[in-house]
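Asker: Here you go, sequence then predicted model.
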Amino acid sequence: MSGYFWQLVGISTALKVLLLPAHYSTDFEVHRNWLAITHSLPLDRWYVDATSEWTLDYPPFFAYFEWLLSQLAKYVDPAMLVVQNLKYASAETVYFQKISVIVMDMIYVLGVRSALAALGVVKSTQQHIAGCMLLLLNVGLIFVDHIHFQYNGFLFGLLLLSVSALLRQRYLLSAFSFAVLLNFKHIFLYMAPAFAVYLLKFYCLGKQRRQFVLSIAKLLAVGLTPFVLSFGPFWRQLPQLISRLFPFKRGLTHAYWAPNIWALYNTADKLAVVALKRTPPNAMSSTSSGLVQEVKHIVLPNITPGTTFVLTLLFMLPILLKLFLSKTKEQARLVFLRAVVLCACSSFMFGWHVHEKAILMCLIPLCLLAVVDRRDAKYAFILSVTGYFSLLPLLFEVDLLVPRYALYLAYMAMFYGQLERIYKATKLGLHLLECIYFLGFLTIPLYEHLFSRLFGVHQQLPFMPLLLTSLYSSLGVLYFFVRYYIYALDIAWPSWPSLTKRRAPQVKFSAAKRKRKTK
Amino acid sequence: MLSELAATAFLALSLRSIISLNAYSGYNKPPMFGDYEAQRHWQEVTVNLDAKSWYTNGTHNDLQYWGLDYPPLTAYHSYLVGLAAKTQNASFVSLHASRGIESKEHKSFMRLTVLTADLLIYLPAIWILSVAIDRTFQSNIKELLFLLLALYPGQMLIDNGHFQYNNISLGLAAVAIAAILCNKNYLAAFTFTLALNYKQMELYHALPFFSYLLGTTLSRKSFKSFAIELTAIASIVLTVFAILWLPWLHSIEAASQVLHRLFPLGRGVFEDKVANVWCSINVIFKLRKHFQNHQMALICLGTTLLTVLPTNIILFWRRSKPMFLLTLFNTSAAFFLFSFQVHEKSILLVALPAICLFQWWPNEMLWFLEVSVFSMIPLLKRDHLLIPSVAATVLFHLVFKCNYFKPNKEQMLENKLLNMTVAISEILMLSILVGSLAIKPSARYPDIWPLIISVVSCAHIFLFLVWGYVKQFMQCDRKLYNKIE
């Protein structure tokens, strides 16, 4: 069983190669356009050009990365590098871009290896095998990167590398790699508080004054270097660049509502309209029209970007405080990972214009937690069932329907099987209601593919399945958020006697280690 | 564990549906197209004409254009699928007008019918087979066997890529094998007759079933129980045949017309390059120049009988379940190598028993399965399935390596030799593959690469047949036989 890691890498690569002919989304054209922009235009036009509607809206490192890719692309098919060639998709272009995602995933592979090792998961144990399987064969990344088309794999690789550097107490390296990651895709900014608090507490504080100042300075120097390298060449047009990176005009929710609090909020608003029989002032701007438009709530108060920002921060605070109050580094390891998950989840729940893909930011770190602690595993499983399901609408092509359900079910069954293997004696302890909730997901495809057609309503209500998916998943995500938050916090509240029975997951970690040795 | 069983089944289904995304045989190749069009055409014919005229030439049924040449069960299946097609979109199967129809919607529909057969027949069947093997030999490998059977790339690539319904005939055969292993002889007779009536190529498997069942009934203590059992089996087989062939039994002429369609002697000893003996001999000795077609058919019959009879006679006298599986492997390999009108895809019939032998000779069988995919490379390449073929084979190989337990020390020495042979053979196959991609054949020998692939695969399969015979003779030795049992 020794070589299983690279064999799994091979298996996942083979699976990705098999997916080469799969239909891709507009994100493919987005990235093709970026290749063209970075290759054909001078630097100062990159963030200005608007030939295509898919303007460059990732930070400069990603643009440099596209430029590097374009240096190879010109040998494959120069036509894909012409800015005016909108929606250009020759076979060479498709294969080139898709293969580039597969190749870049090698960074993800390194990240997985390093993070599992840094967590102290011993090789060849069931934990390690499970961790490798959950991460290397991750169905969410397969959906989003290899079918839908994006480059999340290597970004999560950077994240995992940064996490593992932090767990290995190589703080400057961690800060540096995280800063690099931020300059590739700024959505990871939502996780920054967890990193910041951990580094502040365990790298800067608790020392003498001089050393404190010195460490802060070192941290800042290391953390800001990538920003200088990245944004430096664009210093003349920073406002333009920033407006591209943070487009607040896009509206509270995406066309397909990400399963978060705002999906519930929008629905509540709709229901209130019906209940109060208030006619909408402008029927065109209603939320279910399926277009990226600004949403106007009719009954409930409108939500501004500021509100979402404050709510997000507010819900990050408790876990950050908990992380800050952790006494030893050993204790803080798992708390840190949970804080990463919860920060990502807070932003997912309350953020402005959240994409459904952002749930991966919770799901990928949870894969790590799932293999070290039984209760984390339970919550990870709950969110996985929900979160990966909410990605299914990304793959809407008729030919992708069977693959999407089959891959999803295969991954979830594998997930459960691996957890069963790890935590043999102690069952996962899913509540009956949770199982019923899982089974409830069956009704959505049943409705979408069977009942809506039988009753002939699929023409009148084309967005109904999307709405159902979003709503039903948002319940699960909300449930996970609340339960997991309470679980992650309750450990160190000594003045709360009723909770003492369910204490001390950190001990679990070492217990898991011990169990492994005896095996 | 239930969850892992489900994971395997869904993984198998997802790989099949992903392979379905690729092109199919004969895509955009008028006027004849390929197997995809053949299957569709049968739906058209069976839905629009009455059963009597399915196999006969007529104004509405041009047998020159993909005339039905599979047994009645295939025809009935086509009829069912045709009915479904009609409700989906009547233009899919409208008589004459639907010829060569190619649309995205139609492709999705056709692919879905194969996936349905996979889900309803093939996957359950191979699960039954894995459980049966596991129970009979108490080997505790049912999950692994199921995984390998489900992920075997050859069947996926031909059924879901190239486009055929081998999953149905192979699934039925798998249930029949499982029934033999569980001593359910009547069930075996029943399902095998169904398999045979789906594809006549199942004849490759027929002899071992025949000799095993005959041997078992003959070994009964009393004449009475022998007679009862034999009559029961015979009547099961005959009844199934009678029911399935009912529309054509009203006259000898009609029945013989169906038979003639199933065994078209006129079509020559082989069509495309195929990895059997005749195609290989043909390289230096042009068979068609020296023999008439019917002479050739006789030669094929003779050599095939010569190679399959010994193994089946051994089975008849020394019946045991491992022996049955080994005979199945030998017989089908011999049929593939020597019989008349062999198609590349028929190697799938050898692959099924090969996976059943997995627990005794895992490395050998993995090697054989890879050879079997390699032998189909020319066909798969024509269908633009080369990349998925390589990826699926690599995936299969790695899944095997991931799961396979370490061999014990006794086997180490033997394994060392074997591993070296396998490595050499795999390097050879890989370099041929790379060569065929990198080097353009000269105008004089346009078919040089398919030919090389066929000859090399043929040599491999021939060696495997010899190996199978050696193992079988060794099994007759009581000591080794016990070790294996």
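Answerer: Arrived safely.
Asker: now the stretch 301-450 of chain B, which segments are flagged as low pLDDT?
Answerer: Applying pLDDT under 70 to the stretch 301-450 of chain B flags residues B:404-414.
Asker: tell me which parts of it are close to chain A?
Answerer: B:387-388, B:390-392, B:394-395, B:398-399, B:401-402 (C-beta under 8 Å from any C-beta of the partner chain). All C-beta spots, glycine's among them, are computed from the backbone N, C-alpha and C.
Asker: out of those residues, which one sits closest to residue B:347?
Answerer: Minimum distance to residue B:347 across those is 15.3 Å, recorded for residue B:392 (C-beta to C-beta).
Asker: Might you report the residue contacts of the spatially most central residue of chain B?
Answerer: A centroid search over chain B (C-alpha atoms, centre = their mean) returns residue B:349, at 2.7 Å, as the residue closest to the centre. If you count contacts by C-beta atoms under 8 Å, 6 or more residues apart in numbering or on different chains, residue B:349 has them with B:170, B:173, B:201-202, B:204-205, B:332, B:335-336.
Asker: buried sites along the helix or strand harbouring residue A:72?
Answerer: Assigned by DSSP states H and E, residue A:72 belongs to helix A:60-76. Neighbour-count burial for helix A:60-76, counted by 16 or more other C-beta atoms under 10 Å in any protein chain shown, picks out A:60-67, A:69-70, A:73, A:76.
Asker: Chain B: which of those is nearest?
Answerer: Closest to chain B out of the buried residues of helix A:60-76 is residue A:76 (16.1 Å), distances taken as C-beta to the nearest C-beta.
Asker: How far off centre is the helix holding residue A:72?
Answerer: On the basis of C-alpha atoms, centre = their mean, to the nearest Å, helix A:60-76 sits 24 Å off its chain's mean C-alpha point.
Asker: for the buried residues of helix A:60-76, which one is nearest residue B:443?
Answerer: residue A:76 (29.2 Å).
Asker: For the closest one, which non-adjacent residue is spatially closest?
Answerer: Nearest residue to residue A:76, sequence neighbours excluded (C-beta to C-beta, 6 or more residues apart in numbering or on different chains): residue A:96, at 4.6 Å.
Asker: so where's the stretch 1-150 of chain A uncertain?
Answerer: By pLDDT under 70, the low-scoring segments of the stretch 1-150 of chain A are A:1-2.
Asker: Look up how far residue B:457 lies from residue B:418.
Answerer: Distance, residue B:418 to residue B:457, using C-beta to C-beta, to the nearest Å: 19 Å.
Asker: Comparing those two, which residue is more hemmed in?
Answerer: Counting neighbours by other C-beta atoms under 10 Å in any protein chain shown for residue B:418 and for residue B:457 shows that residue B:457 has the greater number, 27 against 16.
Asker: tell me the secondary structure for the more buried one?
Answerer: helix (DSSP: H, G, I helix; E, B strand; the rest coil).
Asker: Could you pull up the residues touching the residue nearest to residue A:76?
Answerer: Residue A:96 neighbours (C-beta under 8 Å, 6+ apart): A:72-73, A:76-77, A:80.
Asker: how about CSV for those residues, with distance to residue A:117 added?
Answerer: Output for the contacts of residue A:96, formatted as CSV (distance: C-beta to C-beta, whole Å):
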residue, distance to residue A:117
A:72, 32
A:73, 35
A:76, 36
A:77, 40
A:80, 39
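Asker: Which stretches in the stretch 151-300 of chain A count as helices?
Answerer: A:152-167, A:171-184, A:192-199, A:209-231, A:238-245, A:261-276 (DSSP state H, counting those that start in this stretch).
Asker: To chain B, which of those lies closest?
Answerer: Closest among those, using C-beta to the nearest C-beta: helix A:152-167, at 17.6 Å.
Asker: Direction-wise, compare that closest one with helix A:171-184 and give the angle.
Answerer: Per axes from the mean of the first three to the mean of the last three C-alpha atoms, to 10 degrees, the angle that helix A:152-167 makes with helix A:171-184 is 160 degrees.
Asker: Just want the angle from helix A:152-167 to helix A:192-199.
Answerer: Going by the same axes, to 10 degrees, helix A:152-167 makes 20 degrees with helix A:192-199.
Asker: picking up where we left off before, looking at the buried residues of helix A:60-76, which two lie furthest apart in space?
Answerer: Going by C-beta to C-beta, the pair spanning those furthest: A:60 and A:76, at 24.1 Å.
Asker: can you pull the buried residues of the helix of greatest length in chain A?
Answerer: Counting residues, the longest helix found in chain A (DSSP state H) is helix A:91-118. Of all the residues in helix A:91-118, those buried under the rule 16+ other C-beta under 10 Å are A:93-94, A:96-98, A:100-102, A:104-105, A:107-116, A:118.
Asker: go on, stretch B:17-29?
Answerer: B:17-27.
Asker: what sits up against that stretch?
Answerer: Residues outside stretch B:17-29 that contact it (C-beta under 8 Å, 6+ apart): A:15, A:18-19, A:21-23, A:399, A:402-403, A:406, B:32-37, B:102, B:107, B:110-111, B:114-115, B:156-157, B:160-163, B:382-385, B:388, B:392.
Asker: Try it again at 7 Å.
Answerer: A:18-19, A:21-22, A:399, A:402-403, A:406, B:33-37, B:102, B:111, B:115, B:156-157, B:160-163, B:383-385, B:388, B:392 (C-beta atoms under 7 Å, 6 or more residues apart in numbering or on different chains).
Asker: Alpha carbons of that stretch, as PDB, please.
Answerer: The C-alpha atoms that make up stretch B:17-29 are tabulated as PDB, following Å, rounded to 0.1, in the frame of the first residue of the first chain:
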ATOM      1  CA  SER B  17     -21.200   8.500 -18.600                       C
ATOM      2  CA  ILE B  18     -18.000  10.500 -19.000                       C
ATOM      3  CA  ILE B  19     -16.800   8.200 -21.800                       C
ATOM      4  CA  SER B  20     -20.200   8.700 -23.400                       C
ATOM      5  CA  LEU B  21     -19.300  12.400 -23.900                       C
ATOM      6  CA  ASN B  22     -16.900  11.300 -26.700                       C
ATOM      7  CA  ALA B  23     -17.600  10.600 -30.300                       C
ATOM      8  CA  TYR B  24     -19.200   7.300 -31.300                       C
ATOM      9  CA  SER B  25     -18.300   4.900 -34.200                       C
ATOM     10  CA  GLY B  26     -19.200   6.200 -37.600                       C
ATOM     11  CA  TYR B  27     -19.800   9.700 -36.400                       C
ATOM     12  CA  ASN B  28     -20.100  12.000 -39.400                       C
ATOM     13  CA  LYS B  29     -19.100   9.200 -41.800                       C
END
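Asker: average model confidence for that stretch?
Answerer: Averaged over stretch B:17-29, pLDDT sits at 92.
Asker: who's in contact with the closest residue to residue B:345 other than its chain neighbours?
Answerer: Nearest non-adjacent residue to residue B:345, counting by C-beta to C-beta, 6+ apart: residue B:158, 5.1 Å away. Applying C-beta under 7 Å, 6+ apart to residue B:158 gives the contacts B:164, B:166, B:345, B:348.
Asker: in chain A, what secondary structure element scores lowest on mean pLDDT?
Answerer: Counting by mean pLDDT, DSSP states H and E, chain A has its least confident helix or strand at helix A:505-518, which shows a mean of 41.
Asker: Does residue A:367 touch residue A:135 like I think?
Answerer: Yes - in this structure residue A:367 lies within contact range of residue A:135 using C-beta atoms under 7 Å: 5.0 Å.
Asker: anything in contact with each of these two?
Answerer: In contact with both residue A:367 and residue A:135: no residue, using C-beta under 7 Å, 6+ apart.
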